[in-house]
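>>> Build the 3D model from these lines:
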Amino acid sequence: MEEELVKKEDGLWHPKGGLIEEVEGPALLPKKLETSKAAEYVLTEPFESFALSDEQTVVKLYFGLKGAKGMLPAESVTVSFRVQALEVVAKPSPSKVYRFHESILFEYIVPDKCKVKVKTDHIVVTLVKANQHAYWENVSVNRKAIGPVRKSPPDFGRPTVVVTGGTKPAPAQ
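Numbers count the residues shown, from 1 in each chain. Predicted coordinates for the structure are as follows:
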């Protein structure tokens, strides 16, 4: 049953609250948020392509981005490594951002030994495996298959962050 306001002779009436008085004067509107906050928001896009290569002691992830080396300014690629999480962000311009994020990696990694390089048409992220014998079939774990049994080790402290970029000069500020 829908509850609705009913106009009675003595004012507005609400079924649960009784009489509601009408207020004279202009209606107050909510204040708008600062426009600078809206302007700061940038929609992220996935990388153009993705590939994974398991090379015994390391796993290499290739993120395709045409002309990456010439298009990306210095310090425009940020990679955040955790024991079982990864985030790759590339900002070729203030209005364009490419992002890859995986909250539960296929296996554990050693964040302090992981690397990132910007090549001509792609970004290469090298993950050092914690378990050298594990073969990575995918970058993420099948959450339905593992169920509640597998628990991630606690990630104490801050993530290991690596910042790099291409050959394009950084914009003047």
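>>> for the chain, what helix or strand is lowest in average pLDDT?
Lowest by mean pLDDT, DSSP states H and E among the helices and strands of the chain is strand 6-8, with a mean of 50.
>>> Please report the distance of Lys115 from Ser95.
28 Å (Cβ to Cβ, to the nearest Å). (C-beta placed from N, C-alpha, C; glycine too.)
>>> Look at the two and report which has more neighbours.
Neighbours were counted for Lys115 and for Ser95 using other Cβ atoms under 10 Å; Lys115 has more, 15 against 8.
>>> Now the strand ranked longest in the chain: buried residues?
Secondary structure of the chain read by DSSP state E shows that its longest strand is strand 85-93. Under the neighbour-count criterion of 16 or more other Cβ atoms under 10 Å, strand 85-93 has Ala85, Leu86, Glu87, Val88, Val89, Ala90, Lys91, Pro92 buried.
>>> again with stretch 72-89
Judged by neighbour count (16+ other Cβ under 10 Å), stretch 72-89 contains these buried residues: 72-73, 76-89.
>>> Tell me the one of these nearest Thr57?
The shortest separation between Thr57 and any of the buried residues of stretch 72-89 is 16.0 Å, and it belongs to Phe81 (by Cβ to Cβ).
>>> Just list the residues touching that closest one, thanks.
Ile109, Pro111, Cys114, Leu127, Pro159, Thr160, Val161, Val162 (Cβ atoms under 8 Å, 6 or more residues apart in numbering).
>>> In strands, which of those residues appear?
Counted as lying in strands by DSSP E, out of those, are Leu127, Thr160, Val161, Val162.
>>> Which member of those is positioned nearest His133?
The shortest separation between His133 and any of these is 15.1 Å, and it belongs to Leu127 (by Cβ to Cβ).
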